[in-house]
Every structure is written in structure tokens, then in C-alpha cells.
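Novice: pasted the sequence and its predicted model underneath.
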Amino acid sequence: MAKQLRDIEPIRPLLAHRPLAVFSDIDGTLAPIVPDPQDARVTDRARESLRDLMALGVGVGLITGRDLAKAREITGLPDAWYAANHGLTLSVGGVDETPEAVHDFLPRAQAVIRETAGVESVGVSVEDKGPIVAFHYRRAASPEEARAAIEAALNSSAAAAAFRVHEGRMVVELRPPLDVDKGTALEELSRRMRAGAVVCLGDDRTDVDMFRRVTAMREGGTPGASVAVESPEATDEVMDGADYCVDGVAGVEWLLGEIVRALRETAPSGR
Ligand SMILES: [Mg+2]
């Protein structure tokens, strides 16, 4: 079970390692969950702290289920590194990368969208994320009915069979069946940053892959800590999977601010 972070002390030993990498999910972690996912935005306080971290030489990697363009729009951080679409698309030092294997799924995803168009009549919003299709049912009058309609539509869609089904907070997602997840993305970005230590933050079940990866990296000699964001929707899997927890997006803002402060205290220039 994740321990509640009440001060920065448990994290402080990690801050002595260079380069330090901070990896974070976006929705529900840096950006409050809102009724329409299109309206989500990273809070000003979180964005400022992430900018401060980058200015202090910290590698900032945003690891999200969103597509790259939307991730950049929500964060307002063009200079950060990204693993978008759950790691299927990377942006490393300003260069965007999509693996060859992912390209095949672009037309198949379009076919899924055509074949499942009926779900919109029960309040489901269908999001086209390139190789991924997301069915959001948060705004449906009856979320249970909407979720059942999504399941039925997917069962009758031939194109959907080529994808793997994942579930998140009020969302069903079809992703290419590739062995890529937020955990493999974290390790890849971390490797390319040559990270000396890692802190990661997330609120949802897909973030548990990051938490597990941080644990594995720690066992392999790279110090790190995982932090779960507590919310009324956080599952036991999320809360059990992380080393520490903070309360909501406000807790994340607090923690990022504390890391900035601690790094400034130890910076040679005294900034
Ligand atoms: Mg999230």
C-alpha cells in the first residue's frame, strides 16, 4: 500500500542523482478530470513547476494515453519529452517517432470508427487517436448502458478484432496488440535521458505499468520512486502499486513544487 507523502524527505535522496528524470501521466495527475476530456488542461501551478524542473536540468517526460498533439495542447509544454498513445508515439528532444508496426493500425482504426458509429446515440464520445480508438462514456446519461453498448459494438465490428481492449476511468480503448505500455515507455525515455534516478506519477490503472517498471529499475540499480494520485476513482491496484501517494492534482502540484524547492536549495549557484 502506498504511503502518504506528507513531506519531501522520502524523495530527497533521489534528488542527489543526475540527471534526475520526472515522468508523469497527464489526465487526473497534472490536469483535473473534467466532464469533456477535450477541455482538460494542466494547471498553471503544475506547468510552472515542470518548466522550473526543466530549467534546473531535470528530464521531464509526459507519459499519456493522449495523442501527441493533444498532449502538447493540454500541457502547454512544447519542450518536454513525450510518450503519447501509451508509448506508441514518442517525442525525444523535439523529434517525433512512430514505430513502423504502428502505421498498419491507422486504417484499421478508421474502420473501427465507421463500424461502431452507433454508440454515439447513447452518449458515448468516440476519440480518433491515430492508431488508437477511445470510447468515452463519462457524459452518458447511463454510463452502464453506454459501456454495454460499446461492448456490443466492438463485438460486432470486424476491424476491432485486430486490437486489444483496455479499460480506464470511464473509457474503453482499442490499442494495437504491441508489447508497449506506459512502463516500457518510461524505461525507454529514461534510457535515452540516461537518467540517474526516476520519479513517476500517475492516477490510473495503466500507470501501474510505470510503477512496476520503476520498482524493476530500482532492483536493477536505478533509484526511483512511484507516486499514485489518490482520487475517489483510484482503484486498489493503483494505490497498492505505488511506493507513495498524494491527494489529487493539488497533491501533485505540492510535490512538484517541493522537488523544485529542494533542487534549488542544493543547486551550486544557489538559484
Ligand atoms: Mg490519468
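Specialist: On my side now, so go ahead.

Novice: from the chain's centroid, how far away is the longest helix seen in the chain?
Specialist: The single longest helix within the chain, with elements called by DSSP state H, is helix 248-266. Mean-position distance between helix 248-266 and its chain equals 19 Å (C-alpha atoms, centre = their mean, to the nearest Å).

Novice: please apply the same query to stretch 118-134.
Specialist: 19 Å.

Novice: helices or strands up against the longest helix of the chain?
Specialist: Based on contacts counted as 3 or more C-beta pairs under 8 Å, 6 or more residues apart in numbering; DSSP states H and E, the elements that helix 248-266 packs against are strand 20-24, helix 44-55, strand 197-202, strand 224-230, strand 244-247. Backbone N, C-alpha and C define where each C-beta goes, glycine included.

Novice: which bits of the chain sit near the ion?
Specialist: Asp25, Asp27, Gly28, Asp203, Asp204 (C-beta under 5 Å from the ion).

Novice: re the thing from before, and the longest helix of the chain with strand 20-24, angle?
Specialist: Here the directions of helix 248-266 and strand 20-24 differ by 170 degrees (axes from the mean of the first three to the mean of the last three C-alpha atoms, to 10 degrees).

Novice: who's in contact with helix 248-266?
Specialist: Helix 248-266 has contacts (C-beta atoms under 8 Å, 6 or more residues apart in numbering) with 5, 7-8, 11-12, 15-16, 20, 22, 24, 28-32, 43, 45-46, 49-50, 52-53, 56, 58, 199, 201, 227, 229-231, 245-246, 270-271.

Novice: before we move on, back to that, adding mean neighbour count, distance to Lys129 and mean pLDDT, write the helices and strands packed on helix 248-266 out as JSON lines.
Specialist: Rendered in JSON lines, the data for the helices and strands packed on helix 248-266 read as follows (neighbours: other C-beta atoms under 10 Å; distance: least, C-beta to C-beta, whole Å; pLDDT from 0 to 100):
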{"stretch": "strand 20-24", "mean neighbour count": "26", "distance to Lys129": "19", "mean pLDDT": "98"}
{"stretch": "helix 44-55", "mean neighbour count": "18", "distance to Lys129": "23", "mean pLDDT": "98"}
{"stretch": "strand 197-202", "mean neighbour count": "27", "distance to Lys129": "18", "mean pLDDT": "98"}
{"stretch": "strand 224-230", "mean neighbour count": "25", "distance to Lys129": "22", "mean pLDDT": "97"}
{"stretch": "strand 244-247", "mean neighbour count": "19", "distance to Lys129": "28", "mean pLDDT": "98"}
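
Novice: among the ones you listed, which is nearest Glu127?
Specialist: Closest to Glu127 of the helices and strands packed on helix 248-266, according to C-beta to C-beta: strand 197-202, at 19.8 Å.

Novice: distance between that closest one and the chain's centre?
Specialist: The answer for strand 197-202 is 11 Å, by C-alpha atoms, centre = their mean.

Novice: just to revisit the earlier point, next, the buried residues of the longest helix of the chain.
Specialist: 248-249, 251-260, 262-263 (16 or more other C-beta atoms under 10 Å).

Novice: over to stretch 93-108?
Specialist: For stretch 93-108, by 16+ other C-beta under 10 Å, it's Thr98, Val102, Phe105, Arg108.

Novice: what is the lowest-mean-pLDDT helix or strand in the chain packed up against?
Specialist: Here the helix or strand of the chain ranked lowest by mean pLDDT, DSSP states H and E is helix 100-103, holding a mean of 88. Helices and strands in packing contact with helix 100-103 are not found; criterion 3+ C-beta pairs under 8 Å, 6+ apart.

Novice: can you list contacts of it?
Specialist: Applying C-beta under 8 Å, 6+ apart, the contact partners of helix 100-103 are Leu88, Thr89, Pro131, Pro176, Leu178.

Novice: next SSE downstream of it?
Specialist: helix 105-115 (DSSP states H and E).
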